[in-house]
Each structure stands twice: as structure tokens, then as C-alpha cells.
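Chemist: can you look at this prediction? I've put the sequence above it.
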Amino acid sequence: MENLWQSWVLLVPANQLSCTSSVVWIRPQAENIFDNKDISKLSDNELADIRMKKIGFVFQSFNLLPRATVLRNVMLPLVYAGISKEERENQAREALRGATLPEDFWNHYSNQLSGGMMQRVAIARALVNNPMLVLADEPTGNLDTKTGEMVLDTFQRLHQEQGRTIVLITHEPYVAEHAERIINIRDGSIVEDGKVKNRRVINNHNHNAK
Amino acid sequence: MKVQDIFQETYNALSANKARSGLTILGIVIGIGSVIAMVSIGQGASGQIQSSIEGLGSNLLTVMPGVIQPGRGIVSSGRGSAQTLKNEDIEVLRQISGVAYISPEVQRRFQIVAGGNNTNSTIIGVEPDYAPVRNISPGAGSFITEAQVRSLGRVAVLGPTVAQDLFGEGNDPVGKTIRINRVNFKVIGVLQSKGSAGFFNPDDTVFVPLTTMQKILVGDDSLSTIAISVQSKDLMPQVQEEATAMLIAKHRVDPQSPDFSIVSQADILGTLTQVTDTFTIFLAAVAGISLIVGGIGIMNMMLTTVTERTREIGLRKAIGAKKKDISMQFLAEAVALTFLGGAAGVALGWTISFLVTSFTGLVTQVSLQAVILAFGVSAAIGIIFGYYPARRAASLNPIEALRYE
């Protein structure tokens, strides 16, 4: 993880999705260094701590709590971090602004939102702990191209404006071209690793557009 | 995870599926409610028996003719038929220290006639000490006096039931004449109502002087009972022992098989409370089964919930929830269900026992002990039946859980 301040993409075949996240979540077989620690030797609780403090997750299917408001969804990681109520709300608001979700929707229930909005709530939830790494597992897979672009725009802005490291897993070359670096994985091994030449940058930073 | 957050999560989870939570709680409500109601009925019965036995007189020893077979209780001994207790036994018993009053009694049933009415009732020949020993007092007129005993007075004191049977309600029988076994007696008093006590109802009784009873009505000098009132509770075993020894010496009988028996109030109470305790345990056990069924309902619901919320659990773990957080959350849900059920169940049980009292007249007694026990049991059920689902939730692999369909 020497080159932290980068936005890069793992391009993997569909059946190997989320292999990267597996490495972090369950006890990995081989030696894995993350943040100068060998995570293969950590206990369940220590792994949970890493997930809580250092990594934010964005999923293909959003995984929001359906009967909870947007704010409560975003605050959820802070509940487990043991942060006080007022502080939680401040951090959640900041993360929601960072994920460019219009403020009118913050008190809506998460199942009342459109797919693109839900994914931005999920991104805000991933950011709320100020993680050193955001792992996104096919975040645009369930979205149409236009909403998908909105999500990709959010990621790009987070990288450019806040300097976040984002690892995005996808099997669509089009999505991958929004990143700075692409690592192409096939059958579990890296076949290509390089900078993106014609990087797609979405300049349409219109926050309130659907 | 803070305690208030656990409360918040529990509230959200349970209110998300109100009907299911409500039905699960209902199982516990019925279980706890029936335990409380059944135990209150049992305890009410035993409390009533206890107070009515104590109402017969305090610190009482009863000497009866005949033998009580060990282990056969006080009912089956053919007592009353033996005529081994005599008037002179009283003088012997009076010498024992610690005795407050002695009341020799002769009891027999006779036909009683007054005016056009007649009734068959128990006549007891007594001395004045009967009143303090048996804890009775006349509501009108007076009780039998020493002079009336000495002079073979033909006077009678009526129990309220007898008075009503013979003279009708509202009429004062004092001063009127009744015929017992074709002998005229003047009514000098009517007792206050006391209610039935076990096998004996003092309200349905007529009292006459002991001497009159023995010489005129019965015709011999045997006694059916001698009631001994002891000065204090601590002295009772000692007095009982001494009285046994003295009567054995007086009657010149084999100490192994005396021709009389002495029963203390504690013996009677013991036998009866044993019966009511068995009754209470039986009722509580039946109710307890419904409590267990309620607990299984909780477990069933929690297992369903864990399966339903597998993805949610996976997500929570992905964003940093530890095993402990997850298991605490699910355990808290189970305990909250039983706790709510327990509270409502106590209220229900209380209401049921109140209704039982007001509709059937059975005395019920909701004890704090039963309430605390029921609450403890319901909390324990929540923990026991919630533990397995909670552990199952906590040990889910986050990736598997997130991929769960």
C-alpha cells in the first residue's frame, strides 16, 4: 500500500468479485500487509476494528437499513465506534455533503430513495469514519449509466477534493476508465497494471441533479 | 456500542414487525399471567386455611380419646367413639405449668326444636373457659357462666346459623326457649359469626353447660375433647409432652399405645398446608408449561429474525460491529420481549386473581414473591431462549451474510 493517494480500479471477471474485500474481512490464508500490520494474524475483534476505522465499504446492492432514515444509516458505523450522539450527527452531515446527497433527503427513509441516491448514502456511510481506504464492490452494477456516472463523479470528486484512496472493483472497462490506475485480474492473478491513458473525468459537478 | 444505542436498535427492530412481536409477547403474557394467577389461588387457599385454623384459638392443644394411627391423619381414627377421657383428667392437666386455659368439651348431635322450627345441630357442653380457648365471643346476651355449670343450668348459647334456622333472620332469640332432645333450654346468648374452619363450623353449634350436657343430655361423664390453651407458642411442645406423660400415668396405659391422643394446631396446619402446597405446585407446574411454550415462541421468532436479517447482520459486521455487539443486540431483543411479556403477564395474573375473587369468592393472594419469581423466570427465559439465536447471528461470516438471498 505504498502508493496510497491514488484512485485505482481492480478489473476482475464477474465471478471473482469482492475477492479483495474477502482478504480484509475473513482471515486470509497468506501474509497480507495492511497499514503496516499483518492482518492474517489479527483476531476477529481486531479485524472488526480495522473495518470500523480504516476501511469504508460500498456495495453493489447498497445494503442500507430499509426502515431507517438516511441520517441513521450514515451514523450506523459511528454507533459501533462508540461516538457520542451529537458528534455522530455532525460527522454524518459532513459525510452526506461529501457524497453530494441533497439535504432535503436526509430525513427520508432509505427505501424511499432512487438507486443513485441510495448509493450516495452508502458512500456517505463508507466515508463517515474518515477511512484511509474506500472499497467499492461494483458500485454501479445495479444502476443505469446516467446514475452510475453520478456515483463515479462522486468518487472522482472525493479523490480529487479530499484525496481519498478508492479501490473500485468492476468488470466494465467503461467504469474502470474513470480511475487513475487499472489492475487487471484474471483467474486470481494480475495480468496488467498501469496508468489510464485517456482517463474519463466527469466535470458535471451538479450536486442537485438526480 | 452504548447501552442506549442497544435500546434504540431493539426498539426499532421490535417495532418494525409489531404483529409478530405482539404475538410472541402474548405467549409470555399468558405464561406469566397463568403462573401468577394459579399461584395466587393456591396461596389464597392455604392462607385461608391457616387463618381459619388459627381462628379456632391460638396455641391450642387438643386431647382426644382414642388413638390416631401414625400416618393416617386426624380423620380416620374413630375418635369420639372411645370414651377414655373423663372429668378427672382435667384436674391432672391443670397442674401442668404453662397452661393458660383448659376447656373440656362434650360434643353430640341432637334435634333442636323452637316454636314450629326444628334443626339437627351439634350441641357442645362447655365450661366458661371455652370462650377464650376457642376465640369466640357472644354477639348478643352472654356466654355460659361458672354458676350455670355448677347448678346444671338449662341454658343455651346459639351459634348464629342455628339462631337463624330456628328463629328466622332479624329476630332476637335471647330469652326465648328451645328444646334440645325434649328438654327445655333458655337461650341466653347468640355468638358472633366466625365462619367455617376446616371440618368444624362454630356458627352451626349450640353451647350448653358441660354438666348439663353430661348429666341430662348424654348421661355419662366422658369427654369428647379437652382443649388446652398454652400460654405461649414456645411452651407448646413441652406442655404436649407433659400432658401426654401425665395422662398415661393417670390412665395406667402402655406408653406405646395410649388410649388418647394429643394433636397440636401445628400438626393440623401442617397436614392441611401440605395439601394446599401440593395443589399450588400442581397449578404452577401446569402454568409453567405454558411459560415454556412462550419461551419457545421467543426462540422461534428470534431464529426467524436472524435468518431474515442475515444481510443486515453482514452489513453491520462490515462496518465494524464486533461479535459482542451483534449478540448483545439480539439478546436484548429477546429479553425485551420477555420483559414486556412479564410486565403485562403480572398485570394479567393480577387481574385474573382479582376476577376469580370477585366472581367465585375464592380468596386469592398475589404475593410479591410470586411476582418477582415470574419476572425472574421471564428474564431467564429471554436469556436462555435468546442466547442461541443471538450467538448464531454473531457467528455469521460477514461475506456469506452479505451475499445471503
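Modeler: That came through fine. Given the structure is predicted, the values throughout are model-derived calculations rather than measurements.

Chemist: just the pLDDT at the nearest residue to B:Gly288 once chain neighbours are set aside, thanks.
Modeler: Closest residue in space to B:Gly288, ignoring its immediate chain neighbours: B:Val35 at 6.2 Å, by C-beta to C-beta, 6 or more residues apart in numbering or on different chains. C-beta coordinates here come from the backbone N, C-alpha and C atoms, glycine included. For B:Val35, the model assigns a pLDDT of 87.

Chemist: pretty sure B:Val35 contacts B:Val286?
Modeler: No. If you go by C-beta atoms under 8 Å, B:Val35 and B:Val286 don't touch, sitting 9.3 Å apart.

Chemist: ok, back up a step: counting by contacts, list what the strand or helix carrying the residue nearest to B:Gly288 packs against.
Modeler: Assigned by DSSP states H and E, B:Val35 belongs to helix B:18-55. Counting contacts by 3 or more C-beta pairs under 8 Å, 6 or more residues apart in numbering or on different chains; DSSP states H and E, helix B:18-55 is packed against helix B:265-308, helix B:323-360, helix B:368-394.

Chemist: which ones are touching B:Val356?
Modeler: B:37, B:41, B:362, B:364 (C-beta atoms under 8 Å, 6 or more residues apart in numbering or on different chains).

Chemist: of the residues you listed, keep whichever come out buried.
Modeler: Using 16 or more other C-beta atoms under 10 Å in any protein chain shown as the burial test, those include B:37, B:41, B:364 as buried.

Chemist: I'd say the first one and B:Gly349 touch.
Modeler: Yes. Counting by C-beta under 8 Å, B:Ala37 sits close enough to B:Gly349 to count as a contact (4.5 Å).

Chemist: now B:Gly98. Nearest residue, chain neighbours left out?
Modeler: In space, B:Gly98 is closest to B:Leu235, 4.0 Å off (C-beta to C-beta, 6+ apart).

Chemist: close to chain B: what parts of chain A are there?
Modeler: Within reach of chain B by C-beta under 8 Å from any C-beta of the partner chain, chain A has these residues: A:18, A:21-22, A:25-26, A:44-45, A:48-49, A:51-53, A:57, A:59, A:63, A:65, A:67-68, A:76-77, A:79-82, A:125, A:129.

Chemist: again, only this time at 7 Å
Modeler: Residues of chain A lying close to chain B (C-beta under 7 Å from any C-beta of the partner chain) are A:22, A:25-26, A:44-45, A:48, A:51-52, A:57, A:59, A:63, A:65, A:67-68, A:76-77, A:79-82, A:125.

Chemist: of these, buried ones?
Modeler: Buried, going by 16+ other C-beta under 10 Å: A:25, A:48, A:51-52, A:57, A:59, A:63, A:65, A:68, A:76-77, A:79-81, A:125, out of those.

Chemist: taking these together, which two end up most distant?
Modeler: Longest distance between any two of those is 23.0 Å, between A:Trp25 and A:Ala68; criterion C-beta to C-beta.

Chemist: confirm that B:Thr84 sits in a strand.
Modeler: No. Counting by DSSP: H, G, I helix; E, B strand; the rest coil, B:Thr84 is not part of a strand but coil.

Chemist: so what's it up against?
Modeler: With contact set as C-beta atoms under 7 Å, 6 or more residues apart in numbering or on different chains, B:Thr84 has these partners: B:65, B:251, B:259-260.

Chemist: what's the neighbour count on whichever residue of the stretch 51-200 of chain B sits closest to chain A?
Modeler: For the stretch 51-200 of chain B and chain A, the shortest gap (C-beta to the nearest C-beta) falls at B:Ser51, measuring 56.0 Å. By other C-beta atoms under 10 Å in any protein chain shown, 12 other residues sit near B:Ser51.

Chemist: point out where chain A drops to low pLDDT.
Modeler: The model of chain A has pLDDT under 70 over residues A:1-34, A:39-40, A:188, A:203-210.

Chemist: would you mind naming what in chain B lies close to chain A?
Modeler: Within chain B, the positions near chain A by C-beta under 7 Å from any C-beta are B:1-2, B:5, B:12, B:16, B:311-312, B:315, B:318-323, B:325, B:397-399, B:402.
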